[in-house]
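>>> Could you look at this predicted model? Sequence included:
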Amino acid sequence: MTAAFLAPSPVAKFFDNNGVPLAGGLLTTYAGGTNNPIATYIDSTGTTTNTNPITLNFRGEASIWLLPNVAYKFALTDSAGNAIPGYPVDNIVDAALLSLYGGVDTGVSNAYILNFTSPVPANTNGQVIYWLPSNSNTGPSTINVNGAGPQAILNPNGTALGANQILSGQFVSIISINGVWQLYGGSGVGVNVGTFGAEVPIAAATTTDLGSVSGHNAQITGTATITSFGTSAQIVAPIYIVRISGTPTLTASSSLVLPGNTNIIAANGDSFLAEYMGSGIWRVLIYQYASGTNGYSVVKPADTARQSTVTLTADPDLVTPTLQIGKYSYELFMLFDSVAAGAGFKFTGNGSATDSRATSPAVATGLVNAAAYGPKLESFYGATISYATVSTTSNSNGVLYKGVLLVSGAGTFGVSWAQAASTASNTTLRAGSYLTTNLLALGGATPGVTRIYTTPGSGTETIPAGFTTLVVEVFGAGGGGGARFGDDISDAGGGGGGSGGYSRTSISVAGAGTQTMSYFVGSGGAPTGGTGASGTASTVSSGTFTITAITANGGAGGTAATSLSAPGSGGAGGTASGGTVVNTSGHTGNNGQTPAGGGFGGTGGTGIPGVNYGGLAGGNGRGGIGDPATTGGNGAVVFSYS
């Protein structure tokens, strides 16, 4: 069915109170709700106004054209000025659809011009124009409609346009509000959240201006270090999709907020979502690594057997794909057994990833046999550093290791293993053993390096390049436990050894890479059958790098009991000197007990806790009830760089 509409009254006609045409009547027009005269027009062009009041013809008629969407008040009288009942009538509105096609602009980029037939003045509130730009904009823009003069085109929030919010040959819609034009349907895809166009390449640079990318879909190319995404983007459309085609570095800062607040060395194929927060501040909401380096889990699918070899060889299954620079946690579970008792099992970390946090020794030695199947919790750091090898002669065990990798050079991480003692019988790493890694923070910022030395003896520490601050911690060794009195289990116990002293220094190492220092790790005092031996001092002194000498003396040994009523006394804690931050004496060992108290030997003084390590206790005294005297804990030296 064809739609039809009632024809409007083409000519306004008025009557007096008796229904007779109001010949010569007077119609005065005012702005709605006021007594301020307002013009009407004789035809649709809106160029010639009626008189006000309008004098009606002999049929009581007049041609009256009103401004669209403007409220009028009509006051009607006869020719003598007598009011016609029912008048005035207020708020008469000729509602009109103001959406108009303005055609193709004839201006230039950022200064657009439209000339088209329209009964509506260009500055009428609510006027909407659809038009086709001939040029894309590069920044703030104006439009001149029907010769009204240039007027600003603004975003709905009142801000000036950014680049490519108007695109050549793509429709734009604007609405007139209080003398300016608001862009509410820009042709540039991406100017509204959720509208993204084709990917546009942009070269990596110190300031990589994402706001210049039409469609909010960017492909960053090149290798330059990026510190900013620019200031030209619009808050009204703040979301950008970015894909990496190259290896740029994103530098974390207050204006470029990255996940974990760490730098990101991007890899080819990585992608992320970025949000413009205004004032030059960007936030990377989600970063997706092409290699999926946020976590790996590899499970050994089948047994691997080795025999007649103590040469550490990489396991074919327990190895990750490439790990990027960053910080990872890991968990390694190995279930092994050997046919021949004593053949045993040994392993170490391997791979091409460079771990910047090595220790010496890197791992504990001599795993405890935890029956046929007993996990042991240890920790070690992985990659290409030379590790101490973990080994056991147990012929069956399960080993669980957990730790942290601070990867400063991208590469793989895995496990090498062999027999602890060469035999022709198999040592087997069983199916179901696994290695998992989980990304904690990926980035180019150099992780800290902490080196912990606990093996007694001297050594040379080489300062790694690229760090500014060094914290040195020195722990003296503990004293040995004292002997009991006599050989009877009811005799008095010996005293416990004192723990070693503790000293800490903080010093600048900026520019000191490859320079050296000397260190010595003290050894714990042993029981002697009388008063325990004192622990020896741990020290740090200058090499090619000058440092104030630091000494943490060992704790004294516990004394031996001299009679049933005179148990041994605890040894004094070691003193410390040379630290610029703290010098603390160790704790005194505990006294032994008389037979009336149980005859126990005194426990060693507890170790002093540090920042990156805890000092070990002194040795326990021998008790009258048979518990043996023990050797004091070894000292330690820690170098922690940041």
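Happy to help now that I have it.
>>> Every contact and neighbour count from this point should use C-alpha atoms.
Will do.
>>> From the domain annotation, what segments belong to each domain of this protein?
Listed domain ranges for the chain are 99-185, 200-288, 296-442, 448-642 (source: automatic domain parsing).
>>> got a markdown table for those, with distance to residue 62 too?
Listed next are those as a markdown table, based on distance: least, Cα to Cα, whole Å:
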| stretch | distance to residue 62 |
| --- | --- |
| domain 99-185 | 20 |
| domain 200-288 | 50 |
| domain 296-442 | 80 |
| domain 448-642 | 91 |
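>>> Let me know which of the ones you listed is tucked in deepest.
domain 448-642 (a mean of 26; mean count of other Cα atoms under 10 Å).
>>> So which residues of the stretch 51-200 of the chain form strands?
Using DSSP state E, counting those that start in this stretch, the strands found in the stretch 51-200 of the chain span residues 54-55, 61-62, 71-77, 89-93, 99-104, 111-114, 128-132, 141-145, 150-154, 172-177, 180-185, 200-203.
>>> wait, is residue 587 part of a strand?
No - Residue 587 sits outside any strand when classified using DSSP: H, G, I helix; E, B strand; the rest coil, being coil.
>>> contacting residues around it?
Each residue near residue 587 by Cα atoms under 8 Å, 6 or more residues apart in numbering is listed here: 498-500, 572-574, 605-608.
>>> Now do it, the pLDDT please.
Here the pLDDT value assigned to residue 587 is 92.
>>> Now do the phi/psi pair for it.
When quoted as degrees, to the nearest 10, the phi and psi of residue 587 stand at phi -90, psi 140.
>>> how near is it to residue 617?
Distance, residue 587 to residue 617, using Cα to Cα, to the nearest Å: 8 Å.
>>> Now the common contact residues for those two.
498-500, 605-607.
>>> Name the nearest residue to residue 435, ignoring sequence neighbours.
residue 332 (4.5 Å; Cα to Cα, 6 or more residues apart in numbering).
>>> So for the helix or strand hosting that neighbour, mean pLDDT?
Secondary structure assigned from DSSP states H and E places residue 332 in strand 326-338. If you average the pLDDT over strand 326-338, you get 74.
>>> what packs against it?
Applying 3 or more Cα pairs under 8 Å, 6 or more residues apart in numbering; DSSP states H and E, we find strand 326-338 packed against strand 345-350, strand 396-409, strand 427-429, strand 434-442.
>>> go with 7 Å
Judged by 3 or more Cα pairs under 7 Å, 6 or more residues apart in numbering; DSSP states H and E, the packing partners of strand 326-338 are strand 396-409, strand 427-429, strand 434-442.
>>> Of the ones you listed, which shows the lowest average pLDDT?
strand 396-409 (a mean of 64).
>>> Beyond that one, next helix or strand please.
Moving toward the C-terminus from strand 396-409, the next helix or strand (DSSP H and E) is strand 414-418.
>>> Strand partners (parallel or antiparallel) of that following strand?
Here strand 414-418 has these sheet partners by DSSP bridges: strand 313-319 (antiparallel), strand 345-350 (antiparallel).
>>> By mean pLDDT, show me the worst of these.
When those are compared on average pLDDT, strand 345-350 comes out lowest at a mean of 63.
>>> Distance check, residue 435 against residue 413.
Residue 435 sits at a distance of 9 Å from residue 413 (criterion: Cα to Cα).
>>> measure residue 170 to residue 133 for me?
7 Å.
>>> Can you check the distance spanned by stretch 615-627, start to finish?
Distance across stretch 615-627, first residue to last, is 23 Å (Cα to Cα).
>>> Neighbouring strands of the strand holding residue 332 in the sheet, and parallel or not?
The pairing partners recorded for strand 326-338 under DSSP bridges are strand 396-409 (antiparallel), strand 427-429 (antiparallel), strand 434-442 (antiparallel).
>>> Tabulate the contacts of residue 587 (CSV), appending pLDDT, secondary structure and distance to residue 108.
Supplementary listing: the contacts of residue 587 in CSV, determined by pLDDT from 0 to 100; DSSP: H, G, I helix; E, B strand; the rest coil; distance: Cα to Cα, whole Å:
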residue, pLDDT, secondary structure, distance to residue 108
498, 91, coil, 88
499, 93, coil, 84
500, 93, coil, 82
572, 95, coil, 90
573, 94, coil, 86
574, 94, coil, 85
605, 84, coil, 86
606, 84, coil, 82
607, 86, coil, 80
608, 88, coil, 77
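>>> and which of those is nearest to residue 210?
When the contacts of residue 587 are compared for distance to residue 210 (Cα to Cα), residue 608 comes out closest, at 54.0 Å.
>>> got the contact list for that closest one?
502, 586, 614-615 (Cα atoms under 7 Å, 6 or more residues apart in numbering).
>>> Of all pairs in those, which one is the farthest apart?
The most distant members of the contacts of residue 608, if one measures by Cα to Cα, are 586 and 614, lying 11.7 Å apart.
>>> and for those two, which residues touch both?
When contacts are counted by Cα under 7 Å, 6+ apart, residue 586 and residue 614 have 607-608 as shared neighbours.
>>> and the closest residue to residue 43 other than its chain neighbours, what does it touch?
Among residues not flanking residue 43 along the chain, residue 65 sits closest, at 6.0 Å (Cα to Cα, 6+ apart). Taking Cα under 7 Å, 6+ apart, we find residue 65 in contact with 40-44.
>>> Show me how far stretch 61-78 is from its chain's centre.
When C-alpha coordinates are averaged (Cα atoms, centre = their mean, to the nearest Å), stretch 61-78 and its chain have centres 66 Å apart.
>>> gap between the two ends of that stretch?
Using Cα to Cα, the end-to-end distance of stretch 61-78 comes to 13 Å.
>>> Please spell out which residues along that stretch are buried.
If you call a residue buried by 16 or more other Cα atoms under 10 Å, then stretch 61-78 has these buried ones: 61-62, 64-67, 69, 71-78.
>>> ok, so of those, who is nearest residue 243?
Nearest to residue 243 among the buried residues of stretch 61-78, with distances taken as Cα to Cα, is residue 69, at 49.1 Å.
>>> That closest one and residue 88, how far apart?
For residue 69 relative to residue 88 (Cα to Cα), the value is 19 Å.
>>> what's across from the residue nearest to residue 43 in the sheet?
Beta-bridge partners of residue 65, counted by DSSP bridges, are residue 41.
>>> tell me the pLDDT at it?
At residue 65 the predicted local confidence, pLDDT, stands at 91.
>>> average pLDDT across stretch 93-100?
Summarised as a single mean, pLDDT over stretch 93-100 is 64.
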